[in-house]
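Participant: here is my input, please return the structure:
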Amino acid sequence: MSAVTDALDETPFVPERVVINGLRPTTPDRVSSAKAIVGRPLAVSANVFADGHDELAARLWWRAIEGSDWHSELMAPVGNDRWEAALTAETIGPHELAIEGWVDTHATWRHRVRVKASAGQDVSAELEEGARLLESEADRVLPWEERLLAAAAVALRDTKRPLEQRLAPALAEGVVAVVGRLSDQRATTRSAVQPVWVDRERAAIGAWYELFPRSYGGLAGAAKRLTAVAAMKFDVVYLPPIHPIGTTARKGPGNTLRPGPDDPGSPWAIGSAAGGHTAVDPGLGTIDDFDNLVVEAGRLGLEVALDYALQCSPDHPWVHEHPEWFQHRPDGSIRYAENPPKHYQDIYPIDFLPPSEADRWALWQACRDVMEFWIDHGVAIFRVDNPHTKPFVFWEWLLADVRQRHPEVVFLAEAFTRPRVMERLAEIGFSQSYTYFTWRTNGHELAAYGEELAHGPAADYFRPNLWPNTPDILSGPLRRGPLGAFKMRAALAAMLGPSWGIYGGYELGENEPASESNEEYARSEKYEVVKRDWDAPWSIAPYLTLLNDIRSRHRALTDLTSLRFHGSSNDQLLVFSKQMDGDTVLVVVNLDPLAVQEGTLALDLGALGLPWDAPFSAFDEISGQTFAWRGPNPYVRLAPAEPAHVIVPAAAS
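Facilitator: Residues are numbered from 1 along each chain as shown. A predicted model of the protein is given here:
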């Protein structure tokens, strides 16, 4: 480990008694960075212990790597040899932290002399030992502190005073504070340095809205839709690929190979004679139209997220200019994409590890240059398509390379795949990830998954973004479900997740699946233009607006670390709470979209900071009602049309 100060570098080696392990936050490989958010406290903890019965102390060190001084904070014991402290980073970018632990000779002395004195034993030797300890610190403290310690040492040697008066100065708060910050340089253990990447807030917190510009007549029409998106208080508008679409093997409605002359094809079949990944599909407009959309989004308080899909249609310029960047069959033809039983004849996957190092480097740089192009056009958020189908080593290089110049850029991993793969993508640098929330529907599943996301080992680096639906996924109670199902799933996602999102059309309750066995929509916008009546009287846009407004007013809801589940007499009622900076929110959701559910809650009132035997008020942010509750078992009744309470509890005055 690199020393945290020059002075520590010069410390002579002595055998280490103190053990430091189990440091969090960390990553499985302990080389990749854990994650933090600028301006938000990051809890740091570790096991710090030693042989014997001596008292210990520990200190957290941290700094921004780019030319910053080290900062430190004494850690507090929290039981079972676990120690905690918190750091708050003031800048985004790479940071590092480390922990020191040492035998606290002063605390050990205080404990020993107190115990022996209270037992009536002779403490003459301990009094002299304490005086010498205090005097030994003279060259490590300020002049006024030296005088304070010297006076305490004199008192310890004053045999004319009663024992209590001899001890009092050495045990006083001021003396304890002075010596408490002094590590024992003869018996200090230092952990390895742990890297931490500090992001801006949007990397962990935000409400996303996905829309296809072609269903609005192009980029200019989509820009007009942004007013409604902003009115629903979303933070990010995400656009699927806006690039030219190939004509070879173009897909028609329902993913068929029989497109009509006016069918637009899949936006993910990128590339045609009109250009590739740095071009705009002529049917959507021009790069100027895109720039105008970004400006309009910024005016409305929105950020634009753009799809980053590294694949090509058979008509992409790269296919003809760089055939070495693609996999070939034995007959020499390029292999199209497959995810059996699905076939994507309109897409060629890229071979990111061609045999030639020169080809590999040229390909990787070309992919990097695509991202740089869109960053230059105001994009600072990328939703990355299928990152789990590309080599980890490529993403390690690309994300680090881009972040070196643009630490503000956010990367959302669209990786609905195996847990270890999703976690590895997060570990090597993806800011956040889609999750299995889409398929978690009953209370047990949701609670278990919420606990895993909030408190499991991957919580140090895996940030969830909860989506009830996507263009590919119409799942669970949304399939042919009533509007209450859409409200319920939105309430769960928005209240559970610091980041959440919906695919446009959700507010209209679009619920027809392609088939009983297919999770896609019956009229998939991936393959055709979809026109919608946004003024339909059944729209739940006002409900989504309310959810996002509640999130904006309650900092606790944008936190995941404090997520705590509570009990209920009815397993159809999911109950959880969040707390942050004095803000406490309790959420109750009816998981049954078809029936009224009622029951009594089983609240941990102590965890909520509420009295066990006194009344308290429960203000519901959804309905505007205030309930008078008392004790841990209040009664709740929720109908499908209004499936959630978002309660702000307060002790009665």
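
Participant: what helix or strand is residue 528 located in?
Facilitator: Assigned by DSSP states H and E, residue 528 belongs to no helix or strand.

Participant: that one: what's it in contact with?
Facilitator: Residue 528 sits next to 252, 253, 263, 264 when contact means Cβ atoms under 8 Å, 6 or more residues apart in numbering. Every residue, glycine included, has its C-beta placed from N, CA and C.

Participant: if you set the cut-off to 7 Å instead, what comes out?
Facilitator: By Cβ atoms under 7 Å, 6 or more residues apart in numbering, residue 528 lies in contact with 253, 263.

Participant: quick one, phi/psi of it?
Facilitator: phi -150, psi 160 (degrees, to the nearest 10).

Participant: again with residue 482
Facilitator: According to degrees, to the nearest 10, residue 482 has phi -80, psi 170.

Participant: touching, it and residue 639? I think so.
Facilitator: No - between residue 482 and residue 639 there is no contact under Cβ atoms under 7 Å: 11.5 Å.

Participant: more neighbours, the two?
Facilitator: residue 482 (16 against 13; other Cβ atoms under 10 Å).

Participant: could you measure that one against residue 508, distance?
Facilitator: 13 Å (Cβ to Cβ, to the nearest Å).

Participant: kindly report the same for residue 622.
Facilitator: 21 Å.

Participant: centre-most residue in the protein?
Facilitator: residue 463 (2.9 Å; Cα atoms, centre = their mean).

Participant: send the alpha carbons of stretch 635-642 over as PDB?
Facilitator: Taking C-alpha atoms only, stretch 635-642 is exported to PDB below (Å, rounded to 0.1, in the frame of the first residue of the first chain):
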ATOM      1  CA  TYR A 635     -54.700  -1.100  10.300                       C
ATOM      2  CA  VAL A 636     -54.300  -0.500   6.500                       C
ATOM      3  CA  ARG A 637     -56.800  -1.000   3.600                       C
ATOM      4  CA  LEU A 638     -55.700  -0.400   0.000                       C
ATOM      5  CA  ALA A 639     -57.700  -0.700  -3.200                       C
ATOM      6  CA  PRO A 640     -56.200  -1.500  -6.600                       C
ATOM      7  CA  ALA A 641     -57.100   2.000  -7.900                       C
ATOM      8  CA  GLU A 642     -55.000   3.600  -5.100                       C
END
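
Participant: what comes up buried for it?
Facilitator: Within stretch 635-642, the residues that qualify as buried are 636, 638, 640, 642, counting by 16 or more other Cβ atoms under 10 Å.

Participant: is the residue nearest to the third one when sequence neighbours are not counted in a helix, a strand, or coil?
Facilitator: This means residue 640. Leaving aside its chain neighbours, residue 640 sits nearest to residue 484 (3.3 Å; criterion: Cβ to Cβ, 6 or more residues apart in numbering). At residue 484 the chain is in helix, as set by DSSP: H, G, I helix; E, B strand; the rest coil.

Participant: where do the helices of the stretch 501-650 of the chain begin and end?
Facilitator: Remark: helices assigned in the stretch 501-650 of the chain by DSSP state H, counting those that start in this stretch are 541-553, 605-608.

Participant: actually the stretch 201-350 of the chain, not the one I typed
Facilitator: Secondary structure of the stretch 201-350 of the chain (DSSP H, counting those that start in this stretch): helices at 219-231, 287-299, 317-321.

Participant: and the first one, what does it pack onto?
Facilitator: Translated: helix 219-231. helix 287-299 (3 or more Cβ pairs under 7 Å, 6 or more residues apart in numbering; DSSP states H and E).

Participant: quick one: distance of the helix it packs on to the chain centre.
Facilitator: Mean-position distance between helix 287-299 and its chain equals 28 Å (Cα atoms, centre = their mean, to the nearest Å).

Participant: and the contacts of it?
Facilitator: Outside helix 287-299, the residues that reach it (Cβ under 7 Å, 6+ apart) are 218-220, 222-223, 226, 237, 242, 280, 303-304, 377-378.

Participant: residue 149: which element?
Facilitator: helix 143-157.

Participant: helix or strand right after that helix?
Facilitator: Going down the chain from helix 143-157, the next helix or strand is helix 163-171, by DSSP H and E.

Participant: from the chain's centroid, how far away is that next one?
Facilitator: In terms of Cα atoms, centre = their mean, the gap separating the centre of helix 163-171 from the centre of its chain is 50 Å.

Participant: give me the contacts around the helix or strand following it.
Facilitator: Next helix or strand after helix 163-171 toward the C-terminus (DSSP H and E): helix 173-180. Under the contact criterion Cβ under 7 Å, 6+ apart, helix 173-180 has outside partners 57, 74, 106, 137, 141, 145, 148, 149, 152, 169.

Participant: many thanks, we can stop here.
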